[in-house]
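In: Quick one, what's the 3D model for this:
(chains A, B and C, ligands or ions: 3)
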Amino acid sequence: MIHIVVCIKQVPDSAQIRVHPVTNTIMRQGVPAIINPYDLFALEEALRIKDKFGGFVTVITMGPPQAENALRKALSFGADDAILVTDRAFAGADTLATSFALASAIKQIEKTMPVDLVFTGKQTIDGDTAQVGPGIAKRMNLELLTYISSIVSVNTDKKEILVQRRSEGGVQVLKTRLPSLVTMLEGSNEMRFATMPNMIRAARTTVKKWDRVAAGIEDVSKIGLKGSPTVVSKVFAPSPKTVKAEMVQTESNEPQDLAGALLMRMFTRFPHVREQLEKSVN
Amino acid sequence: MSEEVKKPVGKKKLGLDPRLAEYRGIWVFIEHERGTAHTVSWELLGEARKLADKLGVQVAGVVMGAPGAETRAFCQEAFYHGADHCYLIEDPILKDYRNQPFTKAMTDLVNAYKPEILLLGATTLGRDLAGSVATTLLTGLTADCTELNIDVDIRSLLATRPTFGGSLLCTIQTLNYRPQMATVRPRVMAMPKRDTTRSGNITEGKLTMLETDIITKVLEFIPDANTNKINIEYADIIVSGGKGLKKPENFQLIRDLAKVLGAEIGATRPLVQSGWVEAERQVGQTGKTVRPKLYIAAGISGAVQHRVGMDASDVIIAINSDPNAPIFDFATYGIVGNAMTILPALTTAFQKELAARRSEAVPA
Amino acid sequence: MEKFDAIVVGAGPSGNAAAYTLAKAGLSVLQIERGEYPGSKNVQGAILYSDALEKIIPDFRDDAPLERHIIEQRMWVLDDDSYIGTHYRSDAFNKVPYNRYTILRAQFDKWFSERVTRAGALVICETTVTDLIMDGQRVVGVRTDRENGDIFADIVILADGVNSLLAKKAGFHAELNPGDVALAVKEILFMPQETLESRFNVKEGEGVVIEMVGKITQGMMGTGFLYTNSESLTIGVGCMLSDFKESGVSPYLLLEKMKAHPAIQPLIEGGEMKEYTAHLIPEGGYKAIPQIYGDGWLIVGDSGMFVNAVHREGSNLAMTTGRIAAETVIALKQDGKEMSTKNLSAYRAKLDNSFVMKDLAKYKDMPGVFHANPQFLTTYPELVNKAAHSMLTVDGVDKKTKEREIFKSFTRSRSLTGLMGDAFKLWRAFR
Ligand SMILES: Cc1cc2nc3c(=O)[nH]c(=O)nc-3n(C[C@H](O)[C@H](O)[C@H](O)COP(=O)(O)OP(=O)(O)OC[C@H]3O[C@@H](n4cnc5c(N)ncnc54)[C@H](O)[C@@H]3O)c2cc1C
Ligand SMILES: Cc1cc2nc3c(=O)[nH]c(=O)nc-3n(C[C@H](O)[C@H](O)[C@H](O)COP(=O)(O)OP(=O)(O)OC[C@H]3O[C@@H](n4cnc5c(N)ncnc54)[C@H](O)[C@@H]3O)c2cc1C
Ligand SMILES: Nc1ncnc2c1ncn2[C@@H]1O[C@H](COP(=O)(O)O)[C@@H](O)[C@H]1O
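Out: Ligands and ions are numbered 1, 2, ... in the order given. Next up is the predicted model:
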């Protein structure tokens, strides 16, 4: 019986994020919130381990009250318990403050049931720093396993885990002890389709809400804005390049003429491109 | 990351808090695995050089690895690419990358020699290490930067990165903590000239750790099958296709042109998602960043998430049937028309041009 | 095996009203919505009529996402390049409690659904009810597209919207008659608050509604509309499905053309399109209302054709039918009666002496009238505009002659008796 904690984050569906044409700020109004896609791979992997070796999966998120929906969804996939760490004091947290808050929350969880594995996604699509995972690991001094492409085996009584890790130019096969923290690589599995009974169970389960104190945090200087070394000093839309493309046209506008005209102009203005081409061709 | 904009506190404050002022100089982590350095390290040295000159400080490379000439050689390369100085830790434990010993080695160096800025490549290794180092040092880290600058009067690193799915950029500062850490994606920064006349001196450090202290063991390394190894990041010519090609069959037109040009093939995310091309070929924010000499984009609208991956190319040729397609706002040359007819025409045109050139070269 | 007192299919206004009312009364309720979240599948931008919601959630104004309360109603009759119309604006509309609001359905439905959950119902999204489980003639539950997806209940309330597939499958409905439904297309155009308010001459929180008839529907029976939301405009046009079929006009182009109309274009200028949706509105009115109750089932909202075509009221009828259906079920539960056809007929009875049926009955001839007399939507707008034009043009011709001219032009294009007949028909229908 092994206890897995999965960290998920609710993020705005960035595919639908729009920038206010006038004020240049993000318009979240009406933008649906989703579970950070990368976290689904972590959750599914955790559920598979549970299916294989038997176990208990707790999902946790730090975020605003609405983040409860993300947890409920996780429950419907088969997670056993859900904890929402939410408190005004967390507002404006960067990755350092976030990992601190999550780490102490997970330590609270450990008090009722020891934790063997913590899963996070590779990164979030709104912050995408890929730091919160390592941050939690350091703080709880768990063995850190990032960019894991597959969990080869988990030895529950020897408390050992064998994994494959994506690294430059190949995969490492790593062996380490539990407890450890895994950041799961995308595409490593596919999230299951929730069953009706699980949907109903999820709808019934009450999500635990923890404030700062419940999460075991005394020192407010370590969370939220105060606990964040980095400050976002400016948010802005990418400046449109001022020089627009030089449009190539001919009287006929026949493909071959256009192509010819283009090459002539390019090779005269950018001789080095021609040289490059000659190199790469022969 | 919170989206509401916070004003940097204490800007214009004369002088710097002495606690912070002790930290000086810019470090670049020289990443290498199995005998080859990752070129992002050199790109970072080039960038560090510019920042250092603004601050009037030195640039140092940080090299860690197994004892031996191979490891030391990386220090030499670092000097050639702009480093004034190198910190070197040689230890058998550091042969393969593992988070625990590398974090220890790096944090010990930082605590001993106090750099004000520490840069790493946003590679799997770099991100893994940066995250642990930053948390251990309890300092700020800005990931995946696309632009670095300095606010000289508070010696503050201005790290700019895409956010919210790339629809926005944000500039992040680490004001009251040192070192200021950032990771930068490969190919975002220009490669500096390799100057073999440059040299520098080396400070050696020790790894205060035993193999037995290390819990995670690397059992084996399975290299990717080198056949069909795709590496468009460093390609000099790329021909890319987008949804405008309509049918998978039409992607052949891209392949044909690429073949003639000896170019790599790229694509937009939708094409990768619908399985027309391998994920390794995706150009853009969630794909690869490229900076070839020539980038040909056919049937690509030029969405910002694609643009950030390719607009550092020397020359961009855009083919799009829509005269108002955003890609024409930043391409070098634009052709309004049907990719399915323009692409073959280009292929023949290039063929002719290059053939002509070759025959000229041959003495009659 | 899971069994509930009631299952509600759909989380639109009618389903939410029903589920909320049932849960409040302490019944065990399962509500199933196929959309990603309540509202995700619903046409955005609409008018909310307070009374219906007030009867269900009296304090809704405290936290419901309401865009603007309407202080001005414009009725326009347009021809190709001009419009004539009436504007009614009154400060009375600025007195609380306000009567009509613009809303964005996605937000509103989400809010309503949260209230439903708080009331104690189980709400499940991203789940489609594929079939009704029958025991002989009796509906005993629903089948969903999920593993182990059969769920049972004493009563199943179909709130699955216009063109209710379920009702049809179960044979409660005939196929929709294209003459009974309108196809409406809508767009949300984003616009900075300041621009919007100056353009429509309103203060923060105040809104304007424009209803339009005339050439914009290119001879088809239908209307156009424009609502002001907090930071966006809702603009759309709806015509009878049958007319679209005949004319072969593309709804999208129809809307594009309407947006380009010289009277409309300046109002929406610079608006950034946020979303485009097409949706059916049942417009058959009273005569099209199908069997709405039976052994173990009830139909509420659009799936029961409860829409007032004339005033384009739907969500309020939807909410009211949902509420009354729920109250019927609650009453039966309390007296321990079973959910039989006989007992549930109380639902129809209650509706018959509610404003729902009264209104629908009142306008029952309306769709027919318009349908049989396209001139209301084509010839007249042109004439009226011409008339106004010549009256307002100072060109030396005396007004008397002008009036004669205008009268001639009317009679030329339609016989005097025809005109009188039309007037009568309209009067009858509206009465
Ligand atoms: C978080 C996030 C990350 C993303 N990351 C990436 C990324 O890394 N890389 C990426 O590419 N995208 C990314 N995207 C997607 C990106 O937003 C765009 O959707 C995508 O780049 C559009 O691809 P496209 O230009 O091929 O398709 P479209 O935008 O549909 O463009 C097709 C173009 O083809 C033109 N066209 C049509 N017919 C023809 C014809 N016959 N001849 C010539 N032209 C024709 C059309 O005018 C149009 O401009 C990301 C999105 C999000 C939200
Ligand atoms: C363009 C337009 C403008 C309108 N303007 C107004 C207005 O200004 N004011 C007004 O009061 N009314 C307006 N209406 C009418 C109003 O929108 C409808 O009358 C109202 O939405 C009806 O609510 P409902 O709950 O009956 O159906 P819906 O709101 O359509 O809800 C049905 C729900 O059931 C779900 N569903 C369907 N089938 C299944 C299934 N098999 N399983 C699970 N779930 C299912 C759907 O996803 C949907 O969420 C307008 C309609 C249109 C199209
Ligand atoms: N607020 C949060 N609550 C729970 N988990 C989080 C939160 N933020 C980040 N994570 C986890 O950390 C991973 C990396 O996030 P990031 O560092 O923001 O890229 C995510 O995939 C999540 O699994």
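In: So what's the residue count around the residue in the stretch 301-431 of chain C positioned nearest to chain B?
Out: Closest to chain B within the stretch 301-431 of chain C is residue C:315: 33.0 Å, counting by C-beta to the nearest C-beta. From N, CA and C alone the C-beta is placed, and that goes for glycine too. By other C-beta atoms under 10 Å in any protein chain shown, 26 other residues sit near residue C:315.
In: can you list the weak-confidence ranges in the stretch 1-150 of chain A?
Out: Along the stretch 1-150 of chain A, the parts satisfying pLDDT under 70 run over A:15-30.
In: helix or strand for residue C:402, which one?
Out: If you go by DSSP states H and E, residue C:402 is part of helix C:399-413.
In: dump the residue contacts of the residue of the stretch 301-431 of chain C closest to chain B.
Out: Listed by C-beta atoms under 8 Å, 6 or more residues apart in numbering or on different chains, the contact set of residue C:315 reads C:12-13, C:46, C:48-49, C:52.
In: now do residue C:109
Out: Applying C-beta under 8 Å, 6+ apart, the residues near residue C:109 are C:11-13, C:16, C:38-39, C:42.
In: For those residues, could you give me a markdown table that also reports distance to residue C:337, pLDDT and neighbour count?
Out: Conversion of these to a markdown table gives the following (distance: C-beta to C-beta, whole Å; pLDDT from 0 to 100; neighbours: other C-beta atoms under 10 Å in any protein chain shown):
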| residue | distance to residue C:337 | pLDDT | neighbour count |
| --- | --- | --- | --- |
| C:11 | 28 | 96 | 31 |
| C:12 | 28 | 94 | 31 |
| C:13 | 27 | 95 | 32 |
| C:16 | 25 | 97 | 35 |
| C:38 | 31 | 89 | 27 |
| C:39 | 34 | 83 | 25 |
| C:42 | 34 | 70 | 22 |
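In: Those residues: which two are farthest apart?
Out: Across those, the longest distance by C-beta to C-beta is 10.9 Å; it joins C:16 and C:42.
In: Now residue C:295. Nearest residue, chain neighbours left out?
Out: Using C-beta to C-beta, 6 or more residues apart in numbering or on different chains and skipping the chain neighbours, the partner closest in space to residue C:295 is residue C:138 (4.3 Å).
In: What residues are bridge-paired with that neighbour?
Out: Assessed by DSSP bridges, residue C:138 has beta-bridge partners residue C:135.
In: returning to what we had before: what about the contacts of residue C:315, which are in helices?
Out: Per DSSP state H, helices hold the following members of these: C:13, C:52.
In: Show me the helices in the stretch 1-150 of chain B, by range?
Out: In the stretch 1-150 of chain B, the segments counted as helices under DSSP state H, counting those that start in this stretch are B:18-21, B:40-55, B:69-80, B:99-113, B:124-137.
In: In contact with residue A:7, which residues?
Out: Applying C-beta under 8 Å, 6+ apart, the residues near residue A:7 are A:39, A:42, A:59-61, A:102, A:118-121, A:132-133, A:136.
In: and residue 88, how many neighbours does it have?
Out: All of this is about chain A. 9.
In: Oops, wrong one, chain B.
Out: Using other C-beta under 10 Å as the criterion, the residues surrounding residue B:88 number 20.
In: Would you mind measuring from it to residue B:39?
Out: The spacing between residue B:88 and residue B:39, counted by C-beta to C-beta, to the nearest Å, is 20 Å.
In: quick one: the residue nearest to residue C:295 and residue C:296 touch, right?
Out: Yes - Residue C:138 sits in contact with residue C:296 when judged by C-beta atoms under 8 Å, with a separation of 4.7 Å.
In: Tell me, what's the model's pLDDT at the closest residue to residue C:200 other than its chain neighbours?
Out: Nearest non-adjacent residue to residue C:200, counting by C-beta to C-beta, 6+ apart: residue C:208, 4.7 Å away. Per-residue confidence at residue C:208 stands at 96 (pLDDT).
In: Quick check on residue C:208: phi, psi?
Out: Summarising the backbone geometry of residue C:208 under the convention degrees, to the nearest 10, its torsions are phi -130, psi 140.
In: Could you pull up phi and psi at the closest residue to ligand 2 within the stretch 151-300 of chain B?
Out: Using C-beta to the nearest ligand atom, residue B:273 is the residue of the stretch 151-300 of chain B that sits closest to ligand 2, at 25.9 Å. Reported as degrees, to the nearest 10, the phi and psi values for residue B:273 are phi -60, psi -30.
In: what's the distance between it and residue B:310?
Out: Counting by C-beta to C-beta, the gap between residue B:273 and residue B:310 amounts to 18 Å.
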